[in-house]
Every structure is written in structure tokens, then in C-alpha cells.
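Novice: Would you be able to build a 3D model of this:
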Amino acid sequence: MHLDVPKKPDTSNKELHPAVLTLGLYFSEFKIVGSNARCVAMLKTFAKVIEDHRPPADASFSRNIQKHLDPNIAYLLATRPMSLSMRECIRWLKKEMSDIVEHDPPLTDEESRTRLIQHIEDFIRDRITLADQLIVQYGLQKINDGDVILTYGKSSIVEALLLKTKEEGIEFKVIVVDSRPLFEGKHLLKRLSTAGIDCTYYLLSSIYVALKSVTKVVMGAHALLNNGAVYSRIGSAMVAMAASDRQIPVMICCETYKFVNRTQVDSLVMNELGNPDALVNTKSITNSHHQSNPTSEEFALVNWRDQHNLRLLNMLYDVTPSKYITLVVTEVGLIPCTSAPVIWREYNEEFGNRAGAK
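Specialist: Residues are numbered from 1 along each chain as shown. Below is the predicted model of the structure:
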């Protein structure tokens, strides 16, 4: 298969910044998960690299910084494949660096450094932090008293929306659907339960049972593709299709920086493979009589590597076709997912004009 499990990266490169090495370790061990958290952590780390970089005596900062950042970007890519939204952030950052080179009159090294760091901070504030606040406000318009909201896994923006809904005094219930091997939904369940929200927990295999009383499905996204399809954690497509089958509206919360100029109709063209050993531990905690009975034989796949005709496929993302998505909540309002290419084009033109004006 053309998808490969990430290999241990080479840390011998002396040009790698210590903050990048640390971030790569967090990414590879899934200590930082979620597209927003990964993007913010990456951008803040690059800001630290930019702040600490001192170019050679025979080179200017503006012309040397991209060359200095490239091996750090390559290292992060080697530790764990970047999400589509992270690639968009890097594309934006490289454009900012090229704009500094073309600036007239030329900027001093300190001016270039300060400008890049400030633009990174502005991007995090405008496109992520403030965008999330606006999405929460728009999302509140679609949640009413008596609603039963189903969500899948853990999304930071969906969590913020549900907590804000509780603060507003709206009476509603939440059903959290989760799946192996990460069980991200458990973290969301804990946060919502602590806030006093009535929650129920299901596994993905019970999705049709979970949907019996649901009035709306609300999920996050890792990216919104050019054809209106949603690229998100594996299992999202199954939830959306099951909800559509029951004629339950599916609402996706997604910041516009995650809109990408890419078309994908299946989950195999591009994806990320997780560690196959994460799927191996199938040992049950209790037997059918709810009594603890652990035995080594319950690891049904313990010797799977010895089976030459067996390969475990632990894909991390899937693609949900646009026909299963009712609407997308963004910081620019409630839109159909088919409007993604228009929003992407408008934002790129706007930011291009801003850069030219500066």
C-alpha cells in the first residue's frame, strides 16, 4: 500500500531547533492531538525558531529564514504526517516569508523577524481563537431546548459550543460516540459531565442505537475539501451516513483556515496510518458475567506479525461526501459545504491584498 507508517526521524541534524525536537516527540506520541492544537503548537514553535535565528554574516534574515525553517518542517513531517490544515498554515507562512523578501523598501533583519512573529500571532488570534468564538455564537442559533446532540470523538470547537450552550441555560442532552484505539471521546465526556451536562456514552459499533433519540449531529473537521467533502477522524463518515439514513441533520464546525484547495473522493488517496499495534490489544476487562478474567489467550492478534497474509490497517482519517452534510458552521456564518471553494478563494485573495498593502 502507498501509505506508510511514520519511521523514527533522524535527529542528528544540528540545524534542528530544540523546540522543534520537543514538538516532534509530542506529535509522534500523540501527546498533542486535534487539528487546532497541532496547528497552534506548530506555529508557536516556528515563531520561537524565527525569534532565535541569527543568519550568517553574508546573508540577510529575510532571505535565509526559509532555508533555516525547511529542515525543521521536514523533521516534523517525518515524525508524523501533517494534517491538511497544518499544510495550509505552512503554505501561508512561506508566502509571508516570500513577501518579506519582496518588501520595498527592504526590511532590516530585526524588522523582518518582528513582522513574521507578529503575523503568526495575528493568524492564531484571527483565524483560530476569534474564529472559534464566532463559530460558537453561530452554532448557538441551531441548538434549542430539548435537543439531543450527538457528537463523535473529541473536537475542541464542539466542546466549546456545548459548554457555552450549557452556560446559556439551554436544556439539552449529549450523546458521545467513541471508537478505538484513541478513545478521544472519553476526554470530552469527562469535561461535559464535570460541567453538569447530561451525557450518554456509546461506541461507534452502536451508532444506530445511539441515534434513536438524537435530534442533531454536531462534529468537528480536520479539513473541508474543495468538493465539499469533510476530512476528519476515522469513523466520522459512518456517523454522518447513519444520521443521514435516519434523516437527522449533520452540522460540521470548521474554521475557514481548514478549507483546502484539494479534491478527494475516498480515504485511500491520502491518509495517515497509525501504529498497527494499537489495534492489537483486544483483551476484554471482564467476561460475559461481568467478572474479571484476564488471560493471555484473549489477545487474539498477539502474534499477528507472524501471519504473512495478514496486515493491520489503522487509518486515522476518512472522507465524508458533501451529500451527508447539512451545513457547515464557520466564522463567516452558516454555509453549505459546497461553498468551500468560494470561501477559500475569497480568503486567499483578501490575505494576498493585505500582504501587498503592507
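Novice: Identify, among the helices and strands of the protein, the element with the weakest mean pLDDT.
Specialist: Sorting the helices and strands of the chain by mean pLDDT, DSSP states H and E puts helix 340-357 at the bottom, at a mean of 67.
Novice: List the contacts of Glu255.
Specialist: If you count contacts by Cβ atoms under 8 Å, 6 or more residues apart in numbering, Glu255 has them with Asn36, Arg127, Ile128, Ala131, Asp132, Ile135, Ile157, Thr330, Glu331. (C-beta placed from N, C-alpha, C; glycine too.)
Novice: and this structure, what are its domains?
Specialist: For the chain, automatic domain parsing gives the domain ranges 18-133, 137-272+314-350.
Novice: got a list of what Ile32 touches?
Specialist: Residues near Ile32 by Cβ under 8 Å, 6+ apart: Leu23, Tyr26, Arg38, Ala41.
Novice: Make sure Tyr208 is indeed in a helix.
Specialist: Yes - counting by DSSP: H, G, I helix; E, B strand; the rest coil, Tyr208 is located in a helix.
Novice: Give me the nearest residue to it, chain neighbours excluded.
Specialist: Leaving aside its sequence neighbours, Tyr208 sits nearest to Ala242 (Cβ to Cβ, 6 or more residues apart in numbering; 6.0 Å).
Novice: Quick one: mean pLDDT over whichever strand or helix holds the one you found.
Specialist: If you go by DSSP states H and E, Ala242 is part of helix 236-245. Average pLDDT, helix 236-245: 93.
Novice: so where do the strands sit in this protein?
Specialist: Per DSSP state E, the chain carries strands over the ranges 147-152, 172-178, 198-203, 216-220, 223-224, 230-233, 250-253, 317-320, 327-330, 333-335.
Novice: what about the residue lying closest to Asn144 once chain neighbours are set aside, neighbour count?
Specialist: Excluding the flanking residues, the one nearest Asn144 by Cβ to Cβ, 6+ apart is Ile170, at 7.1 Å. If you count neighbours by other Cβ atoms under 10 Å, Ile170 ends up with 15.
Novice: Look up how far Lys258 lies from Ile73.
Specialist: 19 Å (Cβ to Cβ, to the nearest Å).
Novice: So which of the two has more stuff around it?
Specialist: With neighbours defined as other Cβ under 10 Å, Ile73 and Lys258 compare such that Lys258 has more, 30 against 19.
Novice: pLDDT weak spots in this structure?
Specialist: Low-confidence segments of the chain (pLDDT under 70): 1-13, 281-300, 349-358.
Novice: Can you show me the helices along it?
Specialist: According to DSSP state H, the chain carries its helices in the segments 18-28, 35-52, 61-79, 84-101, 109-123, 130-140, 156-167, 185-194, 207-210, 236-245, 340-357.
Novice: how about the longest one: buried residues?
Specialist: So that's helix 61-79. 61-62, 64-66, 68-69, 72-73, 75-79 (16 or more other Cβ atoms under 10 Å).
Novice: Show me the two of the residues you listed that sit farthest apart.
Specialist: Ser62 and Thr79 (28.0 Å; Cβ to Cβ).
Novice: Tell me who's in contact with the residue nearest to Val20 when sequence neighbours are not counted.
Specialist: In this structure, Val20 finds its nearest non-sequential neighbour in Asn72, 4.5 Å apart by Cβ to Cβ, 6+ apart. Applying Cβ under 8 Å, 6+ apart to Asn72 gives the contacts Glu15, Leu16, His17, Val20, Phe46, Val49.
Novice: one more time with 6 Å
Specialist: Taking Cβ atoms under 6 Å, 6 or more residues apart in numbering, we find Asn72 in contact with Leu16, His17, Val20, Val49.
Novice: Any of those buried? List them.
Specialist: Leu16, His17, Val20, Val49.
Novice: Which one of those residues is nearest to Val148?
Specialist: Val20 (43.9 Å).
Novice: Please report how far that closest one lies from Gln66.
Specialist: 15 Å.
Novice: Next: Tyr138.
Specialist: In terms of Cβ to Cβ, Tyr138 sits 37 Å off from Gln66.
Novice: Val136 now?
Specialist: Note on Val136: its distance to Gln66, by Cβ to Cβ, is 36 Å.
Novice: and if you look at Thr326?
Specialist: Here the criterion is Cβ to Cβ. By it, Thr326 lies 41 Å from Gln66.
Novice: would a markdown table of the strands of the chain with mean neighbour count and distance to Lys94 be doable?
Specialist: Shown next, in a markdown table, are the strands of the chain (neighbours: other Cβ atoms under 10 Å; distance: least, Cβ to Cβ, whole Å):
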| stretch | mean neighbour count | distance to Lys94 |
| --- | --- | --- |
| strand 147-152 | 24 | 33 |
| strand 172-178 | 22 | 37 |
| strand 198-203 | 16 | 42 |
| strand 216-220 | 25 | 26 |
| strand 223-224 | 28 | 18 |
| strand 230-233 | 27 | 22 |
| strand 250-253 | 23 | 28 |
| strand 317-320 | 22 | 24 |
| strand 327-330 | 24 | 24 |
| strand 333-335 | 16 | 28 |
